[in-house]
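J.: missing the sequence, but the structure's below:
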């Protein structure tokens, strides 16, 4: 006669409990994985919808002070310390590269300044000074220049192109190109910039 195990029903109960705990644990892991995957997909969708909505920063001449100021009958040689501003209307930092700011008198280049790479905080305006030497050595029409000098106003224009990017998390970049095109009047007698208009 084969002896019966008095604890057989206990072993069966324990194995059933163990299987049940294993199923619950596996269900928990699957639910956690689904929640994490849903969050990742939601973040990617949010970035895809909002990454293209960055507003282009503004880049313009604000004002200027002057050092050396030599103006003749039809020539000029002027040291201008130009205050330039970059306004970032977004909530993320804008990282921009080196660029040049060119100054023109009647579409003839008369000076150039340098903007060094840096960054602008979100919802902020970065102001800095760009030194420029304005010289009439490249101006071919001395009669027009003489008339403008006699009239007391030099009509100048500044042009530049700034390239920068916004960082989104670690992997994403959104590049923006900002154009400067400002016209201004340099009043010779008072040595100030007036009527600064940028588009």
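T.: Yep, it's here. Just so it is clear, the model here is predicted, and its values are computed rather than measured.

J.: below-threshold pLDDT in this structure: ranges please.
T.: Low-confidence segments of the chain, defined by pLDDT under 70: 1-14, 45, 47-52.

J.: cutoff 80 now
T.: Residues of the chain meeting the criterion pLDDT under 80: 1-20, 43-53, 168-172.

J.: what about the helices in it?
T.: 8-50, 142-151 (DSSP state H).

J.: return the most buried member of these.
T.: Stretch with highest mean neighbour count among the helices of the chain: helix 142-151 (a mean of 14; mean count of other CB atoms under 10 Å). Heads up, the C-betas are built off the backbone N, CA and C, glycines and all.

J.: run the chain-centre distance for that one.
T.: Distance of helix 142-151 from the chain centroid (CA atoms, centre = their mean, to the nearest Å) equals 39 Å.

J.: same check, this time on stretch 93-109
T.: 15 Å.

J.: for it, list every residue counted as buried.
T.: Under the neighbour-count criterion of 16 or more other CB atoms under 10 Å, stretch 93-109 has 94, 96, 99, 101-105 buried.

J.: turn these into JSON lines, including distance to residue 180.
T.: Listed next are these as JSON lines, based on distance: CB to CB, whole Å:
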{"residue": "94", "distance to residue 180": "15"}
{"residue": "96", "distance to residue 180": "12"}
{"residue": "99", "distance to residue 180": "9"}
{"residue": "101", "distance to residue 180": "7"}
{"residue": "102", "distance to residue 180": "9"}
{"residue": "103", "distance to residue 180": "11"}
{"residue": "104", "distance to residue 180": "12"}
{"residue": "105", "distance to residue 180": "17"}
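
J.: cool, thanks, signing off.
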